[in-house]
Every structure is written in structure tokens, then in C-alpha cells.
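Asks: okay, here's the prediction I keep looking at, along with the sequence it came from:
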Amino acid sequence: MIEPNSELVIDYELVRNNIQVIKSNLSPSCKIMGIIKSNAYGHDLEKATHALDDSIDGYGVVRLQEALKIRESSSKPVLAMQGVYSSDAYDALKKNNIWSVIHSISQLPLAKQYKDDLLFWIKVNTGMNRLGIRLNELDQFEPLFKDSNVLMTHLACADNPEDALNITQFKNFDYAWNQTTKSMQRSVLNSAGAFNFPDQAYDWVRPGIAMYGGIDFPGLKTAMTFRSQIISIQSLDKDERIGYGGRVKTKQRTKIAIVYCGYADGFPQTAIDGTSVIVNSHQSQIIGRVSMDLISIDVTDIPECKIGDWCELWSPNLSILENTKKNGLLSYELMTKMSQRVKREYLNI
Ligand SMILES: *Cc1c(COP(=O)(O)O)cnc(C)c1O
């Protein structure tokens, strides 16, 4: 065995396939603002910009610095989704042709100054109550109601189509729209919205997590493989205890394998016994508490499992959602929290 390491293998062909799955649900005229904030949800901002340039119509990020980075390698639209706050930053938007979101009345004075030079997405608060202009303040934004600008909102419960807040938000968005010139473009949906409410797609959808395969809709695949190697195998008798706290006591003779990664690599420390992993194409599972640098898995029923074999913690063959659902976690958080020490490899950029 060569020196083991934990690895993140990111396959951009799978990300592009996921984008096709998202598109197949929408009208062909609907444009895709691919969200690549937080280092493309852990998939690398720069690699994403190269690999996705032909698959999407624009890039959405949070910060100006991220937007400027994208501008170095792409001429596609770039949207700084949390807006900017100083005239220096507005100048940078202008110089680099970057779009930005106006979500608060406090941004209005500067936005008005730059209204002929910049393209804005005007974000209304339709009920999520995080960012956005309140409906009764919207009339003050009249100078920005131009056809080149976009009216947007963000849904709080897009992943739960039964929640009544969705209908409230659609109604409020319509109300906001009716206060404008009604010729601006519109954008409402994130990933879950694109699948659950395709009739609200309008001109732009803003998928993030779906591109990476981190939500559960048919056809989507987890595009990142998180894997590491087995560095030890233990054959235990009945009634032996495993790992910190001795959380597990064996019920019979048990073979466990120790995998070279732990919570310091980004694997959730709280993972319960039974959390799925894959070894040599066989399903296996976590047994015992996850430690900083090691994970123990049950390989009693896996034939010919040996030191040096790879263990997949999630991959295209083992959705990251298997892990997050069992453990009450979010795929978003796991993907964006992978630690620096995990070796990265990118395929099909
Ligand atoms: C992060 C974000 C998105 C993408 O959300 P996903 O659930 O990852 O698709 C879309 N719009 C806004 C405003 C966001 O902040």
C-alpha cells in the first residue's frame, strides 16, 4: 500500500448530467444561474467555472471576491447574491461587468447612483424573512424597475411542497410583480423549487445543491466521492467493545476494518451505527464512534476485505443523502465542510 490518504474525487461529468436532469424538468427558454457559492459547495469554484461554462447561463455566488475570481476565466453573467455595500465595490462591479442583488432599502442610495451602469436583481421578501425588500417598501425602488433588471425572491420551504408558505410566497411575489413595469425578468426557484414548482420557473432558476447531487430527485447523482483506505483489520470475539466510549458491544464474532479518515476530514462525528459505506462494491456500515482520524466499519460479511482496500463514505453509488438522512444532517453542510487535508482529484473538467 502506498501512503494512505483520504480523497475527494469530483466528477464534473456527473455535475453536467445533473444539470441536464434539472433542465429536463423546465421549459427550454428558462435560463440556469448555477450557484457556485462556498467554493461550489466544496467542488472548487475555479474548476466549476471551467467545467460548467457550456452547461449553464450564469454563475451565482455570495461575495464580490468570488465573483471577481469567476470573471478571470468566464465571460458569462456573474451574480453577487448578497449584494455590495460601498462605492468601491460598486466600481468593481462596473469594471468587471458583475451583476448584484439589491435586497435592502439601505442599499438604495448607491444603487440609484449606479442604476444606468449596472444590472441589478431586486430581491423581495415574500415571507422567508431573511433578506429582501418588504412589499410595502417596494415602490421606492421604482427607479430600478428596468427591463434589464430581474425581480427575484427566495423560498423558505421549496423542499416541502406541502407547506402553505410556498403558496403565500408565490402570491406575494405576484403582488410585487404587479407593482413593477411587468416587463422585467423574474427568478424564484432554487434546486428543490425547480423540481417541485416548475410552473414558477419564469426566466431564471438558481440551482445549487441539485447540480452536485445533494437532493433526492430521480436522476440526480452525488458527484463527489469521499473515500479513504483501510489501514487495519480486527477480528473480535463476542462481547468485545469498539472505539471511544465502547459504544458498541459485539453480539457475535465480528470483523471490523479501520478506515483512514475521521471527523477532522469532514466526516460527521455524530454518525450513528448503521450509517452506510461501501467497501469493494459491498454495503458495509459504521460500527462505533467516529474519531478524529479513524472510522470503524463492520466487514464481517465482506469477503476478501484487506488492508489497502478503499472505503467509500459517499459517492455516485452511495448517495450522500444515505448519510445525512440517517444522521439528521444536511448534504449542504457536509459538502462545504470537507477539510483541507483531504486530497482532491477532479475528473472531466
Ligand atoms: C444558495 C442559494 C440558492 C441555491 O440553493 P440550492 O438549495 O442549493 O439550490 C439559490 N438562491 C439563493 C438566493 C441562494 O442563496
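Replies: Sure thing, it's come through. Computed from a predicted structure; not experimentally measured.
Asks: right, is stretch 128-139 up against the ligand?
Replies: No - for stretch 128-139, no contact with the ligand is found by C-beta under 6 Å from any ligand atom; the gap never falls below 7.7 Å. In this view, the C-beta of every residue, glycine as well, is placed from N, C-alpha and C.
Asks: flag every buried residue along that stretch.
Replies: Under the neighbour-count criterion of 16 or more other C-beta atoms under 10 Å, stretch 128-139 has 131-133, 135, 138 buried.
Asks: tell me which residues touch the closest residue to the ligand within the chain, please.
Replies: Nearest residue of the chain to the ligand (C-beta to the nearest ligand atom) works out as residue 208 at 2.6 Å. By C-beta atoms under 8 Å, 6 or more residues apart in numbering, the residues touching residue 208 are 34-37, 41, 60, 190-191.
Asks: OK, contacts around residue 49?
Replies: With contacts defined as C-beta under 8 Å, 6+ apart, residue 49 is in contact with 36, 59, 69-70, 73-74.
Asks: my bad, should have said residue 15
Replies: Contacts of residue 15 by C-beta under 8 Å, 6+ apart are 43, 48, 51-52, 211-213, 223.
Asks: if we use 10 Å, what do you get?
Replies: Taking C-beta atoms under 10 Å, 6 or more residues apart in numbering, we find residue 15 in contact with 34, 40, 43, 47-48, 51-52, 55, 210-213, 221, 223-224, 348.
Asks: would you verify that it is located in a helix?
Replies: Yes - assignment of residue 15 by DSSP: H, G, I helix; E, B strand; the rest coil places it within a helix.
Asks: run a quick neighbour tally on the residue nearest to residue 348 when sequence neighbours are not counted.
Replies: Leaving out its chain neighbours, the residue that sits closest to residue 348 by C-beta to C-beta, 6 or more residues apart in numbering is residue 13, at 4.0 Å. When counting by other C-beta atoms under 10 Å, one arrives at 12 neighbours for residue 13.
Asks: number the residues from 33 up from this point.
Replies: OK, 33 is where the count begins now, so the last one is residue 45.
Asks: from what I see, residue 45 and residue 245 are in contact.
Replies: No - here residue 45 lies out of contact with residue 245, judged by C-beta atoms under 10 Å, at a distance of 11.9 Å.
Asks: show me the shaky parts of the stretch 233-381 of the chain.
Replies: Nowhere does the stretch 233-381 of the chain drop to pLDDT under 70.
Asks: which residue ranges of it form helices?
Replies: Along the stretch 233-381 of the chain, the stretches classed as helices by DSSP state H, counting those that start in this stretch are 352-359, 363-368.
Asks: output the last one in PDB with nothing but the alpha carbons.
Replies: Extracted C-alpha coordinates of helix 363-368, given in PDB (Å, rounded to 0.1, in the frame of the first residue of the first chain):
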ATOM      1  CA  SER A 363     -25.800  17.500   2.400                       C
ATOM      2  CA  TYR A 364     -25.000  21.200   2.000                       C
ATOM      3  CA  GLU A 365     -23.100  21.300   5.300                       C
ATOM      4  CA  LEU A 366     -21.200  18.100   4.700                       C
ATOM      5  CA  MET A 367     -20.100  19.100   1.200                       C
ATOM      6  CA  THR A 368     -19.000  22.600   2.300                       C
END
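Asks: which helices and strands does that helix pack with?
Replies: Helix 363-368 is packed against helix 69-74, strand 256-268, strand 342-346, helix 352-359, with contacts defined by 3 or more C-beta pairs under 10 Å, 6 or more residues apart in numbering; DSSP states H and E.
Asks: out of these, deepest packed?
Replies: Ranked by mean neighbour count, these are led by strand 342-346 with a mean of 23 (mean count of other C-beta atoms under 10 Å).
Asks: and the stretch 183-332 of the chain, which of its residues are near the ligand?
Replies: 186, 222-223, 238-242.
Asks: try 8 Å this time
Replies: 184, 186, 190-191, 222-226, 238-243, 246-247 (C-beta under 8 Å from any ligand atom).
Asks: pretty sure residue 272 contacts residue 278?
Replies: Yes - using C-beta under 10 Å as the test, residue 272 is close enough to residue 278 to be in contact (8.9 Å).
Asks: these two: who's more crowded?
Replies: Neighbour count, other C-beta under 10 Å: between residue 272 and residue 278, residue 272 has more, with 15 against 11.
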